[in-house]
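Asks: make a model of this:
(2 chains)
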Protein chains: 2
Amino acid sequence: MKYKAYKDRLTTIADIGYSIGLLSWDQETYMPEKGAGFRAQQMATLSGLVHEHFTDKDFGKILKKLNENPKKLNEKQKRNVAQTLKDYKKQKKYSREFVELLSKTTSECFQSWQKARKENNFKLYAPHLTKMIELKRKEADILGYKKHPYDALIDQYEPGARVADLDVLFKDVREQLVVFVKKIAAAKQNEDKFMYLHYPKDKQWDFGIDLLKQMHFDFEAGRQDISAHPFTTSFNPKDVRVTTRISEDNLKSMIWSCIHEGGHGLYEQGLPESEYGLPSGEAISLGIHESQSRLWENMVGRGLPYWKANMKTLQKYFPANLNNISAEQFYKAANIVAPSFIRTEADELTYHFHILIRYEIEKALMEGKLEVKNLPEYWNARYKEYLGIKVPNNTQGVLQDIHWSHGSIGYFPTYSLGSFYAAQFYATAKKEIKSLENKIENGNLLPLLEWLREKIHHHGKYYSAEELCKKVTGEKLNFSYFMDYAKGKYSALYNIK
Amino acid sequence: MKYKAYKDRLTTIADIGYSIGLLSWDQETYMPEKGAGFRAQQMATLSGLVHEHFTDKDFGKILKKLNENPKKLNEKQKRNVAQTLKDYKKQKKYSREFVELLSKTTSECFQSWQKARKENNFKLYAPHLTKMIELKRKEADILGYKKHPYDALIDQYEPGARVADLDVLFKDVREQLVVFVKKIAAAKQNEDKFMYLHYPKDKQWDFGIDLLKQMHFDFEAGRQDISAHPFTTSFNPKDVRVTTRISEDNLKSMIWSCIHEGGHGLYEQGLPESEYGLPSGEAISLGIHESQSRLWENMVGRGLPYWKANMKTLQKYFPANLNNISAEQFYKAANIVAPSFIRTEADELTYHFHILIRYEIEKALMEGKLEVKNLPEYWNARYKEYLGIKVPNNTQGVLQDIHWSHGSIGYFPTYSLGSFYAAQFYATAKKEIKSLENKIENGNLLPLLEWLREKIHHHGKYYSAEELCKKVTGEKLNFSYFMDYAKGKYSALYNIK
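Replies: From the prediction side, this is the model:
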């Protein structure tokens, strides 16, 4: 009975939370512009209700009793209760004053960032970001940590991830990936001009839908729409929304954002419906979520077998542009490695330098070793060092990302973790699924999806990221999988010995 | 301070209520089909929260204190408080048991109706509808009434409307309109075959958007989408959603549903933003809402001046179908009067016979003079009597409307009230706006909209329907305005002396 009360409460909270999800989805896709003010208020009200229902004392009592007397619970139920109790205790640490201050600061910080970015004027943003960083250091103290204040923040996005481990990981990125990318830069470059011809919007849209269908994204339990920044959101496993963007003079933008979000969407559609609202019905972490999008986007969607399967379809949509382009040529064009200023436009290798830089900055900010006013200088120096490029202005530099203005410190590392997990999962899938890449070459993506469903999606949050990784691949996260993938693929692509 | 607490509570309730509105809008427009189950649950949870927040004892105390000590309140605030207190007392009358029973019965009744309609089998529906009618009679007792149990139900949709008045109104419909429509039936009939040629979807859509823009529907504060059944919903005056449907072999369907919903949408966009969540920020009643849609759809959108303004644009979209059709011919085709089985497809005159029949039935059901099992027979006899047609089957007869299956008894009369109010308002507008129909003929609809804004929209629910009608037109609802409108228009159209 107590477990039922616990589940009912979480169902109510999920119902409200996913309603916020729809308010937010609509805001990014269909909401008329003048609706923004009331929409923000409506979302804030519902967020308040979620907090109220989750931190309610009676609910706390139920959680504690269940946790102390878990005899009648099965293993999954025990883990659910333990997870929720952990979240409950965390939420209870925040005073109302702190939450309100954080909310106010976030709003101001976001607005100043928008203006600063538009006007290429970092000084407009600096005082608000300084306040935000101070608050985030306080938040780390409120939440508590053992070794590093940054740990407390990372844990909100990637439970269990710690600076001690990430330092090792990003050291590898710095030492191994930087060296390899330099080799690529020195090699003969491939051609991708045909990607930037005119590609009409409607045909790109249709091709994207074809790709999602081929991935077995269930359009009876989800849909795709257009938004300025592609994203995935879900209101339950039977209603998963992905969005894409289409640029008529850049075919790359739609294709790989579509596959990427499709990967996120498949994870959400694969979560167990019966566990709605419970930890066992949720994604494990942002890193594991990103592993699903990156696996589909990069290991599958930027692979040669995939384009052998799909080149003819693509040519039918754009015969004039692509009839003379072979699957091999398309594959090469899909994998151009070159340093660039903007994270979201980076290739799958140099992308991690963008994250590395942000990781180093966030750590330094949290340690108090870096002051906000010195951020642009620090940023530009790192871009020179790791990517060998001179950042032309702050808008294309330190002002490019929304994350810090939203108070999301500790979020960036999950992007790299996602890619590294993806490489490790995919290496295992190749071992376990007979002739996987032949199957992909034949356009048969179901065996891979079924493998991901069984190994990852169906478990919800039952395992931690580390447990899952060990269970699926036999070992914890190991950067060498990604490095092997990168070397194998790009050595061939760029004729590197 | 107390008034602020009152307003804050209503704002919270509105935030939740309008979130349900979005969940519902999405359900009808974009939600993937498998999402239906969880969506229903999410809407139920939020509805429960609205009820909980509204019927909260502390809120009741605030309301009562404000109502007893209204010295510090201005007239608008006093009326708001009185209105909310009235609603509060009404909501408090419902026991949890009754609400749950009603909800369960509604769900079963709706499902049985869907099946019965599909299979043309009234017997599947009858036992559930019988239960529903019993509950509705109980509900009338719970709510209380002075003269007629039906009064209690009508009041939920059209506050202040009573059987005593509606009987007089529908007597006029029966006596005057039936006679006039018989004259039309005996006259030489007009031609509308060209309305049923092939009209491609995209062009119809574009033309509909043109019409809405001409009406000054603000697309920065609203949007149009497609749904199976056109409707209007609003999440605040800055975010108003209308929907339409497009049939490629019936141009009428899109045009007048689009103008109709546009009329509803303009009312919502005209409600005072500062009164969000308060009675003074809400529509008065369903009848007044319908007066806005009907005024635009019929008095404006089925008028000759309107088509003199828009015929050329329409011809540009469909030259092959319409280049030989004059504005006068189009006007005639837009106003064919002929008896039909389906209410939603009826012309603006015979429409009221459909409502009259439903009104008589609802009244008889509430009085216990009619049993559900005898409904089909009763229905078919009335269609024979008032419309002179033989209903071919129950699907096209008594099973056609969703309303009763939802427990909406007392809703239908508001459709007729809307048309009658519309005729009365429009007659006044013609007097007060200099050469209104010349303006319409020039495509200038702004003077009319501004008049409606000032006279009706801006007041929210400050006045009752009766008060508003008196204030705007100098007298209470008077059926002769509609009859004069009908006679003037259709005598000319059908050459009736």
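
Asks: pretty sure A:Val181 sits in a helix.
Replies: Yes. Remark: A:Val181 belongs to a helix, assigned using DSSP: H, G, I helix; E, B strand; the rest coil.

Asks: would you mind measuring from it to chain B?
Replies: 41 Å (CB to the nearest CB, to the nearest Å). Every residue, glycine included, has its C-beta placed from N, CA and C.

Asks: now do the contacts for that residue.
Replies: Each residue near A:Val181 by CB atoms under 8 Å, 6 or more residues apart in numbering or on different chains is listed here: A:337, A:339, A:349-350, A:353.

Asks: most neighbours among those residues, which one is it?
Replies: The most crowded member of the contacts of A:Val181, judged by other CB atoms under 10 Å in any protein chain shown, is A:Phe353 (25 neighbours).

Asks: what strand or helix carries that residue?
Replies: Here A:Phe353 is covered by helix A:351-367, with elements defined by DSSP states H and E.

Asks: show me what that helix is packed against.
Replies: Counting contacts by 3 or more CB pairs under 8 Å, 6 or more residues apart in numbering or on different chains; DSSP states H and E, helix A:351-367 packs against helix A:122-143, helix A:149-157, helix A:163-172, helix A:375-382, helix A:413-432.

Asks: hmm, who's touching it?
Replies: Here helix A:351-367 has contacts from A:133, A:136-137, A:140, A:148-150, A:153, A:163, A:166, A:170, A:173-174, A:177-178, A:181, A:339, A:343, A:346, A:370, A:372, A:375, A:378-379, A:382-383, A:386-387, A:401, A:409-410, A:412-413, A:415-416, A:419, using CB under 8 Å, 6+ apart.

Asks: quick one, it and helix A:413-432 angle?
Replies: Angle, helix A:351-367 to helix A:413-432, by axes from the mean of the first three to the mean of the last three CA atoms, to 10 degrees: 140 degrees.

Asks: what angle do helix A:163-172 and helix A:351-367 make with each other?
Replies: Going by the same axes, to 10 degrees, helix A:351-367 makes 140 degrees with helix A:163-172.

Asks: and the angle from helix A:351-367 to helix A:122-143?
Replies: Using the same axes, to 10 degrees: helix A:351-367 against helix A:122-143 is 70 degrees.

Asks: quick one: distance of helix A:351-367 to the chain centre.
Replies: Centroid separation between helix A:351-367 and its chain, computed with CA atoms, centre = their mean, to the nearest Å, is 16 Å.

Asks: do stretch A:49-62 as well
Replies: Distance, stretch centre to chain centre, for stretch A:49-62: 29 Å (CA atoms, centre = their mean).

Asks: and that stretch, anywhere near chain B?
Replies: Yes. Using CB under 8 Å from any CB of the partner chain, stretch A:49-62 reaches chain B at A:Leu49.

Asks: which residues sit against that stretch?
Replies: A:2, A:5-6, A:9, A:12-13, A:16-17, A:20, A:87-88, A:91-92, A:99, B:16, B:49.

Asks: ends of it, how far apart?
Replies: 19 Å (CA to CA, to the nearest Å).

Asks: next one: the nearest residue to A:Asp165 once chain neighbours are set aside from A:Pro413, what distance?
Replies: Nearest in space to A:Asp165, with sequence neighbours left out and distances taken as CB to CB, 6 or more residues apart in numbering or on different chains, is A:Leu477 at 8.0 Å. Note on A:Leu477: its distance to A:Pro413, by CB to CB, to the nearest Å, is 12 Å.

Asks: over to A:Lys90?
Replies: For A:Lys90 relative to A:Pro413 (CB to CB), the value is 19 Å.

Asks: more neighbours, these two?
Replies: A:Pro413 (26 against 15).

Asks: need the contact list for the more buried one.
Replies: A:154, A:158, A:161, A:166, A:287, A:355, A:359.

Asks: 7 Å instead, please
Replies: Contacts here follow CB atoms under 7 Å, 6 or more residues apart in numbering or on different chains; on that basis A:Pro413 touches A:154, A:158, A:161, A:166, A:355, A:359.

Asks: dump these into CSV; add pLDDT and neighbour count as well.
Replies: Output for those, formatted as CSV (pLDDT from 0 to 100; neighbours: other CB atoms under 10 Å in any protein chain shown):
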residue, pLDDT, neighbour count
A:Ile154, 98, 31
A:Glu158, 97, 24
A:Ala161, 97, 24
A:Leu166, 98, 21
A:Ile355, 98, 21
A:Tyr359, 98, 24
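
Asks: a markdown table please, covering these and showing distance to B:Lys363.
Replies: Compiled in a markdown table, these are given as follows (distance: CB to CB, whole Å):
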| residue | distance to B:Lys363 |
| --- | --- |
| A:Ile154 | 67 |
| A:Glu158 | 65 |
| A:Ala161 | 68 |
| A:Leu166 | 74 |
| A:Ile355 | 71 |
| A:Tyr359 | 73 |
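
Asks: using PDB, write down the CA coordinates of stretch A:366-383.
Replies: Output in PDB follows, covering the C-alpha atoms of stretch A:366-383 (Å, rounded to 0.1, in the frame of the first residue of the first chain):
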ATOM      1  CA  MET A 366      34.100  26.700  -9.500                       C
ATOM      2  CA  GLU A 367      37.600  26.600  -7.900                       C
ATOM      3  CA  GLY A 368      37.600  30.400  -8.000                       C
ATOM      4  CA  LYS A 369      40.800  30.300 -10.000                       C
ATOM      5  CA  LEU A 370      39.300  32.000 -13.000                       C
ATOM      6  CA  GLU A 371      37.300  35.200 -12.800                       C
ATOM      7  CA  VAL A 372      34.400  35.900 -15.100                       C
ATOM      8  CA  LYS A 373      36.000  39.200 -16.400                       C
ATOM      9  CA  ASN A 374      38.900  37.200 -17.700                       C
ATOM     10  CA  LEU A 375      36.800  34.600 -19.400                       C
ATOM     11  CA  PRO A 376      37.100  35.900 -23.000                       C
ATOM     12  CA  GLU A 377      40.800  36.000 -22.900                       C
ATOM     13  CA  TYR A 378      41.000  32.500 -21.300                       C
ATOM     14  CA  TRP A 379      38.500  31.200 -23.900                       C
ATOM     15  CA  ASN A 380      40.400  32.600 -26.900                       C
ATOM     16  CA  ALA A 381      43.700  31.300 -25.600                       C
ATOM     17  CA  ARG A 382      42.400  27.800 -25.300                       C
ATOM     18  CA  TYR A 383      40.900  27.900 -28.800                       C
END
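
Asks: buried residues of that stretch, list them for me.
Replies: A:366, A:370, A:372, A:375-376, A:378-380, A:382-383 (16 or more other CB atoms under 10 Å in any protein chain shown).

Asks: residues contacting the residue nearest to A:Lys136 when sequence neighbours are not counted?
Replies: The shortest distance from A:Lys136 to any non-neighbouring residue, by CB to CB, 6+ apart, is to A:Ile409 (5.0 Å). Residues near A:Ile409 by CB under 7 Å, 6+ apart: A:136, A:153, A:362.

Asks: helix/strand/coil for A:Ile409?
Replies: Reduced to three states by three-state DSSP, A:Ile409 is coil.

Asks: and it, how far from chain B?
Replies: A:Ile409 is 29 Å from chain B, by CB to the nearest CB.

Asks: and for A:Ile20?
Replies: 8 Å.

Asks: now do A:Leu278
Replies: For A:Leu278 relative to chain B (CB to the nearest CB), the value is 14 Å.

Asks: pretty sure that residue sits against A:Leu10.
Replies: Yes. Taking CB atoms under 7 Å as the definition, A:Leu278 is a contact partner of A:Leu10 at 5.7 Å.
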